[in-house]
Each structure stands twice: as C-alpha cells, then as structure tokens.
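*Asks:* Predicted structure and sequence below. I'll ask about it afterward.
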Amino acid sequence: MKKSTFLFIAVFLSGMFFTNLLKSQDESPISLSLDLYSRYVWRGTDFGSSPSIQPGFEFSKSGFTAGAWGAYTTNINLPAQEADLYLGYTFFKEMFSVTISDYFFPVDGAENSYFKYDKNTNHVFEASLSFNGTEDLPLSFLAGTMFYGNDKDRNGDNRYSTYCEVAYSPEIKGMPFSVFCGVNLFAPADGDLNMPVPVNGFYGNKTGVVNLGISAVKNIEVTKSFTLPLTVSVITNPMKGNMFLVAGMSF
C-alpha cells in the first residue's frame, strides 16, 4: 500500500473520532461533519465519477442555520470540487425551512475568481423552500430555483433552473428508509434556437424526472458507545438513462 494511502487513512480516522467527540457536546451550536461516499450523486447527476470526501461546518441557533459544505473527488484525471455556503431558517414547529445556497465549483490550478459576483460570476445561487414532514407524516417536499449566477442560456439570460423533490421516509423496524422522486421542473428553451448544439439547463434541457430511487441507513456498531451510519442508495436518472448504486458513511 502506498504511503499516501496510509496518510489518507490516518487523517480520515483522526477526523472521524475528532468529529464524533465534538458532536457529543450537545449544547454547542456548532456541528462538524465528514462524509465519505463511493460516488457524489446530487439530484441524479454524478459529479467526478469517483469516491468523494465531503466535509461540513454548521452553526445553528433559534431556527437559524449558517454553514459551509464541500465535496472533493479522488479522481486525479477528472477532478470535481465543490465549496458551498448556505443560510437557512426553520419555522412552524420545524416543519418548514427556507434556504439560500451559494454553489461554487472550483478548478484545480485555475484562477477561480471566488470573490467575483457580477453577471459573469462562477457562483450559482439558489432559493429553496422545503416541507420537512412530521413523525406522524414522514413525507417531505423540496422546491429550489437557481435565481442568479452561472446558469444562463446563450444570450446570457438566467434560466431559473428549478428542481422539485418529494420523499417518503419512514422507519422500517428501526431502519431509516426513503423513497424519493425529483423532477427538473422548469427548462426554458435555449436563447438562440438556431444554434446546432443546445445549451442545457442545470439538470437537462427538458422537463422530466431526473432523480428517482430508494435509500436506507444502517448503524454499524464500532464500539458499545460509537456507531457509524452506513447509507446505501439506488439512484436513477430516467431523463438521462443513468443508474447509480451509492454507498457512504457519515462521521
């Protein structure tokens, strides 16, 4: 095994136990997370075609949430990176949430102009509203629209790519389980219809189902006081004809 692999495992395990220690401090409004997934599949699209390391940092207080989240693939030939910021508020007995997300996809070795927010920015901003369900009704709904940034047609006009998802997430004999369906709801025609190659919206160039699947979580007991949640998902994208089997652990 290469030295770099040993180093990765050592850093990974250290982060795992450090994160678990901080999470045990229930009174802290700060939470850290570290996920490792076999693939980063978001809303029916595979980013990076390789395992993905996903760190997170979040501050929550009185219904308000502010955080940062990232995804970094291990594919050196086709690297995919993401560094996001978000601000949200949960209200009405934690049943509803509104969130503003800033998606950013840096490129290794390039001038990414992170602090550029004009009409040519590489950021993508999304506003979303979600119904989180209740214990008696484990049904959730999400609607999100990209309202500014790098989601434009050939004329430079914003596409307002919109994604909607409904999920039913009960527990089956103590195991969290979810069935979900996501739709690319709004896909306006390209700004220049005479061009031979269309410019797709963020999820595709037509309305259709892009994220359909099932997911389940099983807690793996490491010690009597420490467990690791293992998530396995079967994800399909009917509009693009793709299918993924994804496994991941959260720390």
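*Replies:* Right, received. Where do you want to start?

*Asks:* Could you verify that Glu94 is part of a strand?
*Replies:* No. Per DSSP: H, G, I helix; E, B strand; the rest coil, Glu94 lies outside any strand segment and is coil.

*Asks:* what's around Pro176, how many residues?
*Replies:* Pro176 has 16 neighbours, counted by other Cβ atoms under 10 Å. C-beta: built from backbone N, CA, C; applies to glycine.

*Asks:* same question, Ile172
*Replies:* Look at Ile172: counted by other Cβ under 10 Å, it has 8 neighbours.

*Asks:* Next up, the contacts around it.
*Replies:* Shown in contact with Ile172 (Cβ atoms under 8 Å, 6 or more residues apart in numbering): no residues.

*Asks:* Can you check what pLDDT the model gives it?
*Replies:* Ile172 carries a pLDDT value of 92.

*Asks:* Please determine how far the residue sitting nearest the centre point of the chain is located from Trp69.
*Replies:* What sits nearest the mean C-alpha location of the chain, by Cα atoms, centre = their mean, is Trp42, with 5.4 Å. As judged by Cβ to Cβ, to the nearest Å, Trp42 and Trp69 stand 11 Å apart.

*Asks:* Can you check the pLDDT for the residue nearest to the centre of the chain?
*Replies:* At Trp42, the pLDDT value in this model is 97.

*Asks:* May I have the beta-bridge partners of it?
*Replies:* Applying DSSP bridges to Trp42 gives these bridge partners: Thr45.

*Asks:* pLDDT-wise, which helix or strand of this protein ranks last?
*Replies:* helix 3-23 (a mean of 45; mean pLDDT, DSSP states H and E).

*Asks:* Which SSE is immediately downstream of that one?
*Replies:* Later in the chain than helix 3-23, the nearest helix or strand by DSSP states H and E is strand 30-37.

*Asks:* quick one: strands adjacent to that following strand?
*Replies:* Strand pairing for strand 30-37, determined by DSSP bridges: strand 52-61 (antiparallel), strand 242-250 (antiparallel).
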